[in-house]
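1. Structure, please.
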Amino acid sequence: MNDVDNILDFFIDNVKKLFFPEEWIKIDLKFSKYELFTMLFIDRKSEVTMTELVGYINCPMSTATGIVDRLVRNGYVSRSRSETDRRIVVIKLTDAGCKFINDLRDTISKYLKIILEDLTGEEKQFLIGIAFKIMNKLQTDINIMENTDEDKTVIKKIDIE
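-> Have a look, this model is predicted:
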C-alpha cells in the first residue's frame, strides 16, 4: 500500500467524525455545492450581480439563473433590479440566508478553533503554509487539465428540479 492509499484510508475513516456531531445536524445541508458557493459569495460581497456570480461559480448564465431561482423559491436570497441600471439583476441574502451562512460559519469556526488550540505558533504557520501549497497545486493542475481538454467537446449534465 502506498502513501496515497494510507492517507485516503485515514481520511475516509476519520472524516465521518466531523459530520456526525450535533452541530451539523442543526444545519440544513440540503444545498448543492453551487448553491452553497453562491450564498457564501453573496455573503462576502453583500450583494452581487448575475454576471459576477457567473464568473465566480464558472457556469453558464442559464445555470446561475436556475441556482438563484431555487434559492429565491426557498427564501434564502432575493433578486431585484439595480436602481441605476434596470438591466442589471442584483442578488442579496435574505434574513434566512444570512442566518444559514452565519450558522455554517460558526460551526466551521468551532472546528477550526479545536484544531488550532493545541498547535504552537510555528505549527499553525506550517499548517497554513501546507494548506496554501495544497490549494495552489490543485488549482495549477486543474487549470492544466482544463487547458488540455479544451479541444474536446464536453457535454455537462445539470440536475434540474
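2. which element follows the worst-scoring helix or strand of the chain on mean pLDDT toward the C-terminus?
-> None of the helices or strands of the chain scores lower by mean pLDDT, DSSP states H and E than helix 22-26, at a mean of 57. Note on helix 22-26: by DSSP states H and E, the next helix or strand toward the C-terminus is helix 33-45.
3. Residue 37 and residue 86: what is the separation?
-> According to CB to CB, to the nearest Å, residue 37 and residue 86 sit 27 Å apart. Yep, even glycine has a C-beta here, placed from its N, CA and C like the rest.
4. Between the two, which is the more surrounded one?
-> Higher neighbour count among residue 37 and residue 86: residue 37, with 16 against 8, using other CB atoms under 10 Å.
5. Just give the closest residue to the more buried one, not the sequence neighbours.
-> residue 57 (5.5 Å; CB to CB, 6 or more residues apart in numbering).
6. Run a quick check on the one you found versus residue 38, I expect a contact.
-> Yes - Residue 57 is in contact with residue 38 according to CB atoms under 8 Å; the separation is 6.4 Å.
7. Pretty sure residue 119 sits in a helix.
-> No - secondary structure of residue 119 (DSSP: H, G, I helix; E, B strand; the rest coil): coil, not part of a helix.
8. any idea how far residue 69 is from residue 132?
-> To residue 132, residue 69 is 35 Å away according to CB to CB.
9. of these two, who's got more company?
-> Each of residue 69 and residue 132 has its neighbours counted (other CB under 10 Å); residue 69 has more, 14 against 10.
10. low-scoring pLDDT stretches of this protein, where are they?
-> The chain contains residues with pLDDT under 70 at 1, 15-29, 145-161.
11. Many thanks, I have nothing further to ask.
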